[in-house]
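S.K.: Structure for this input, please:
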Amino acid sequence: QLVESGGGLVQAGGSLRLSCAASGRTFSSASMGWFRQAPGKEREFVACISWSGGSTYYAESVKGRFTISRDNAKNTVYLQMNSLKFEDTAVYYCAVQRYGWSHRTSPIEYADWGQGTQVTVSS
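M.R.: Alright, predicted model coming up:
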């Protein structure tokens, strides 16, 4: 089970840190990803991280502004979001990669989705 938290309302240019807490599985061996979904749009890849935390991959739209990280001792993966823009407004979800680590960007390549956390950026 995955539980996201840390969303909220922030002004453009501001920062938020999202957390995804895992339970009920061997978290330290699971590669993870963050996605987002805005109203009326498809779920969109944001970032992913390997099981060790040694490899990461980002969508072009967030590269240089967002940072994904993890703490396996706490069974938690994070998404630090800086320089937020209005277009970053969405529900953010974390999920587990299927099939092991790779630069997986399609939602069908992920499983065990959390319930999501709302991020709203005011312009």
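S.K.: tell me the contacts of Arg36?
M.R.: By Cβ atoms under 8 Å, 6 or more residues apart in numbering, the contact set of Arg36 is 43-44, 46, 88, 90-93, 119. The way it works is simple: take the backbone N, C-alpha and C, and place the C-beta from them, glycine included.
S.K.: Make CSV out of those and add secondary structure and distance to Phe35.
M.R.: Below are the contacts of Arg36 laid out as CSV (DSSP: H, G, I helix; E, B strand; the rest coil; distance: Cβ to Cβ, whole Å):
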residue, secondary structure, distance to Phe35
Arg43, coil, 5
Glu44, strand, 6
Val46, strand, 6
Asp88, helix, 13
Ala90, strand, 9
Val91, strand, 9
Tyr92, strand, 7
Tyr93, strand, 5
Val119, strand, 12
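S.K.: and which of the residues you listed is nearest Leu16?
M.R.: Val119 (6.2 Å; Cβ to Cβ).
S.K.: Pull up the gap between the closest one and His103, please.
M.R.: 23 Å (Cβ to Cβ, to the nearest Å).
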